[in-house]
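[1] Here is my input; please provide its structure:
(chains A and B)
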Amino acid sequence: MEGETTSYPPIEPSTFDLIVVGTGLPESVVAAAASAAGETVLHLDTNPFYGAHYASLPLNDFVTFLQSHSQPSEVPEAESDDSIPLVTRSLYSSLEISSHSDEPLKNSRRFNIDLAGPRVFLCSDSMIDVILKTGINQYMEFKSVDTSFVGDVDGKLMSVPDSRSAIFKDRSLSIIEKNRLMKFFKLVQAHFSEENEEDRIPEEDLESPFVEFLTKIGLSQKLKSIILYAIVNASYDQDNIKSCKDVINTKSGISRLALHHSSVGRFPNANGAMIYPIYGQGEVPQAFCRRAAVKGCIYVLRMPVVCVLKDKEYGTYKGVKLVSGQRLFSSRLILAPSFTPLVPSTAQASKSHDAGHTDAKEKVARGICITNNSIRPEVSNCLVFFPPKSLYPEQIALVRAFQLSNNVAVCPPGMFVTYLSAMTIDAVEGKKLLTAAINALFSIPFSGNDGSRGIDNSSENIEVKPTLLWSALYMQELNKFQGALDSISNMVMPDEHLDYNHLLDAIERFFQEIYPGKEFLATSSQSNEHPNYADSELDS
Amino acid sequence: MPSRRRALLKVIILGDSGYVNKKFSNQYKATIGADFLTKEVQFEDRLFTLQIWDTAGQERFQSLGVAFYRGADCCVLVYDVNVMKSFDNLNNWREEFLIQASPSDPENFPFVVIGNKIDVDGGNSRVVSEKKARAWCASKGNIPYIETSAKEGINIEDAFQVIAKNALKTGEEEEIIYLPDTIDVGSSSQQRSSGCEC
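    Down below sits the predicted model:
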């Protein structure tokens, strides 16, 4: 309503401790943490919605956002001696949309599509702890991820036996495999139980590659693959240690496994280790923003910042100028990863970036598929992992796929949304990875206008695959610019991981750097704030 | 399990900045630092908790996110009977709600309109008549209308009763779709275990 920024009253006061531009998850967490620590915070966003690169959007808006952030921005007004223009850099590239049916776009508003998918919460991870600690769980509701599968070289999906009961129920494992796996889980449990010193896994094993440890204790190739990719979530081929970019050592492998196991059963009615927020991951930054607002942070959407103001004499950061013309001042500025002040040195970097010289850098290849049916009839929300070499012999990176249904309110009934991602250094390889996974999971109508090869003809595939209705593939940058001036910091891009743990670690470290000695998101004094809340059902 | 959620009803209050919760929720707490206020309401032998969401100041620059609107069981539109513009904007707020929350049955979504601050200046500064307000409510599908003075506590309890009654009319079908197996992360945060549970 009256959405024109011109109708906004001037922002008061005009001086803050901190100005944050962009409402992506890292910016929102920092705004909430700074507000809770007593700082005065102004939080701005160019968009009419919250979440920036972490938003969940209706299908049309999702496409528009990707398109507008795939183009190099125009260089705005020239630098003067007291201001530096703020440029938007394109974080997405190689966007490719294929539409095989009108139905998804006709129902655009019934979708909540994550820009940073696939992403889930592990029930015991640190992000859930922060959500509980700050009380923002009251703003969100979650549903279970029903199950996980691993794709094998024959194109079959096997369930992931990730807990004792799942091992029992599993029909694809031999008795020997079941025993070995059970023994291994017990070994890890004993290592963390701290009861017996001799139960600990020897230090030399902890430092060695996890894949070697798994071989040493006699797990089959199939089980190794399940543990390394479906549970520990390694991004690259662990069997090829020389060329692998992220060799997982035993220490981090088993702690990830332990996190997975402690997630199973943490919440009474969660089916497995993972949960997903109803209405999409875009709810998460919004919840942190609301938390910040409750603590006094001022929110202004649809308000672009045109330039950064600097002190004429010292050349230091002083404030920002808004599109409305208003000048606001703060001691510190935090920018979403898509913004960078165009000082001469970064101008250079920005140019070379736009010219496409970033191919050697790792990117995340992301994909969204809308289908008419579930990957498995009995399952609503599930993960599928395609380990290296499972899709084609030269496949070096893991492909993750995450299907969601209408029961988490991200799509209309009768449709399913599947997010895909893989690490890559170039767009061609990235698309090859995603396309191979899409072909393995779905059938693509012949009438498609994307020139793809059409229905997978493999005769041994008796099950009818869901039909692909609509898809989008794109590459997302991972690198970030360093602050051009002291007191200006850029936040991080959505990373390649399936959960929030790495992001949260980075955000907390950043917060401690800029506010040494202040507590990162203090526990909310819920009992004081909600006098009647203690009696309510959610808290019982 | 559905009965679990039934007992907790999400109510959001909308209206022009300054007239929203500041006065309406005065007797419960101040708006600064407000998140939501909760109010137990007895209705037809059952106890319900109204979880009334404050705009937390995010309405000031029309910056309420879609998450604020989502899943609301009832939307309360508040205006100040002494300020014409706050009445004129009720329609904008109603439309904004219907766009953002996109309820499955917008025609029948339960709204409640509250004319607030009727006691100011002994009613002499009043510019919106009850008749005018009731006519608007009638034209929008018979929205229940109540006049209150939060400061004097006039009709506040009645307002909560009407809100509860209307909130209960809403979306039983929707809840059946979404809620049977939602994960209640707030309920078992103490049950941490370290290491394996396999």
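[2] Would it be right to say that A:Ile507 lies in a strand?
    No. Read with DSSP: H, G, I helix; E, B strand; the rest coil, A:Ile507 is helix and lies in no strand.
[3] and it, what does it touch?
    Taking Cβ atoms under 8 Å, 6 or more residues apart in numbering or on different chains, we find A:Ile507 in contact with A:26, A:29-30, A:491-492. All C-beta spots, glycine's among them, are computed from the backbone N, C-alpha and C.
[4] before we move on, what about A:Lys389?
    So A:Lys389 contacts A:153, A:237, A:395 (Cβ under 8 Å, 6+ apart).
[5] How about A:Glu496?
    If you count contacts by Cβ under 8 Å, 6+ apart, then A:Glu496 has A:235, A:362, A:364, A:421, A:423, A:478 around it.
[6] coming back round to it: where is pLDDT lowest across the contacts of A:Lys389?
    pLDDT across the contacts of A:Lys389 is lowest for A:Val153, at 86.
[7] For B:Glu59, see how far away that one is.
    56 Å (Cβ to Cβ, to the nearest Å).
[8] neighbour count winner among these two?
    B:Glu59 (23 against 11; other Cβ atoms under 10 Å in any protein chain shown).
[9] Within the helices and strands, which one has residue 186?
    Answering for chain A, as no chain was given. helix A:175-193 (DSSP states H and E).
[10] The chain in question should be chain B.
    Here B:Gly186 is assigned to no helix or strand, by DSSP H and E.
[11] does it really touch A:Leu132, like I thought?
    Yes. The pair B:Gly186 / A:Leu132 is scored as a contact, 6.8 Å apart, by Cβ atoms under 8 Å.
[12] Domain parsing of chain A, as residue ranges.
    Domains of chain A are assigned by automatic domain parsing as A:2-89+A:278-358+A:480-514, A:163-263.
[13] Highest average neighbour count across those: which stretch is it?
    domain A:2-89+A:278-358+A:480-514 (a mean of 20; mean count of other Cβ atoms under 10 Å in any protein chain shown).
[14] Do a quick rundown of the strands in the stretch 51-200 of chain A.
    Secondary structure of the stretch 51-200 of chain A, counting by DSSP state E, counting those that start in this stretch: strands at A:56-57, A:83-88, A:92-99, A:113-114, A:121-122, A:142-144, A:147-151, A:157-159.
[15] lowest average confidence, helix or strand, in chain A?
    Ranking every helix and strand in chain A by mean pLDDT, DSSP states H and E puts helix A:526-529 at the bottom, with a mean of 41.
[16] if we can go back for a sec, going by distance to chain B, which of the contacts of A:Lys389 wins?
    A:Asp237 (26.6 Å; Cβ to the nearest Cβ).
[17] Report the contact partners of the closest one.
    So A:Asp237 contacts A:243-244, A:388-389, A:395-397 (Cβ under 8 Å, 6+ apart).
[18] which parts of the stretch 251-400 of chain A sit against chain B?
    Applying Cβ under 8 Å from any Cβ of the partner chain, we find that the stretch 251-400 of chain A lies next to chain B at A:257-258, A:261-262, A:264-270, A:275, A:278-279, A:282-283, A:286-287, A:289-290, A:293-296, A:298-303.
[19] which residues touch A:Ser159?
    So A:Ser159 contacts A:147-149, A:166, A:170, A:172 (Cβ under 8 Å, 6+ apart).
[20] Where does pLDDT dip in the chain?
    Since no chain was named, I'll use chain A. A:1-7, A:73-79, A:343-360, A:447-463, A:480-485, A:524-540 (pLDDT under 70).
[21] Oops, wrong one, chain B.
    For chain B, the stretches flagged by pLDDT under 70 are B:1-6, B:17-34, B:170-181, B:187-198.
[22] got the residue ranges for the helices in it?
    Applying DSSP state H to chain B gives helices spanning B:2-6, B:21-24, B:66-69, B:84-88, B:90-101, B:130-139, B:156-167, B:172-178.
[23] Ok, the stretch 1-150 of chain A next?
    A:25-36, A:59-68, A:103-106, A:126-133 (DSSP state H, counting those that start in this stretch).
[24] Identify all contacting residues around the longest one.
    The one in question is helix A:25-36. Identification of contacts with helix A:25-36 by Cβ under 8 Å, 6+ apart yields A:17-18, A:20-21, A:41, A:43, A:50-52, A:54, A:130, A:134, A:284-286, A:288-289, A:291-292, A:295-297, A:334, A:336, A:491-492, A:494, A:500, A:503-504, A:506-507, A:510-511, A:515, A:519-522.
[25] Can you lay out the helices of chain B as a markdown table showing mean neighbour count and distance to chain A?
    Listed next are the helices of chain B as a markdown table, based on neighbours: other Cβ atoms under 10 Å in any protein chain shown; distance: least, Cβ to the nearest Cβ, whole Å:
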| stretch | mean neighbour count | distance to chain A |
| --- | --- | --- |
| helix B:2-6 | 14 | 6 |
| helix B:21-24 | 23 | 12 |
| helix B:66-69 | 24 | 4 |
| helix B:84-88 | 17 | 11 |
| helix B:90-101 | 18 | 4 |
| helix B:130-139 | 14 | 17 |
| helix B:156-167 | 20 | 12 |
| helix B:172-178 | 13 | 6 |
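[26] ok, back up a step: can you tell me which of the contacts of A:Ser159 lies closest to chain B?
    A:Ala166 (8.7 Å).
[27] which one is whatever residue of the stretch 301-450 of chain A ends up closest to chain B nearest to, not counting chain neighbours?
    Residue of the stretch 301-450 of chain A nearest chain B, by Cβ to the nearest Cβ: A:Leu301 (4.2 Å). Spatial nearest neighbour of A:Leu301, chain neighbours left out: B:Ser63 (4.2 Å); criterion: Cβ to Cβ, 6 or more residues apart in numbering or on different chains.
[28] Same question for A:Ile201.
    In space, A:Ile201 is closest to A:His191, 4.9 Å off (Cβ to Cβ, 6+ apart).
[29] What of A:Leu157?
    A:Phe149 (4.0 Å).
[30] who's in contact with that neighbour?
    A:157-160, A:230, A:375-376, A:382-385.
[31] picking up where we left off before, put together a markdown table for the helices of the stretch 1-150 of chain A, with distance to A:Asn406 on each row.
    Output for the helices of the stretch 1-150 of chain A, formatted as a markdown table (distance: least, Cβ to Cβ, whole Å):
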| stretch | distance to A:Asn406 |
| --- | --- |
| helix A:25-36 | 25 |
| helix A:59-68 | 14 |
| helix A:103-106 | 13 |
| helix A:126-133 | 24 |
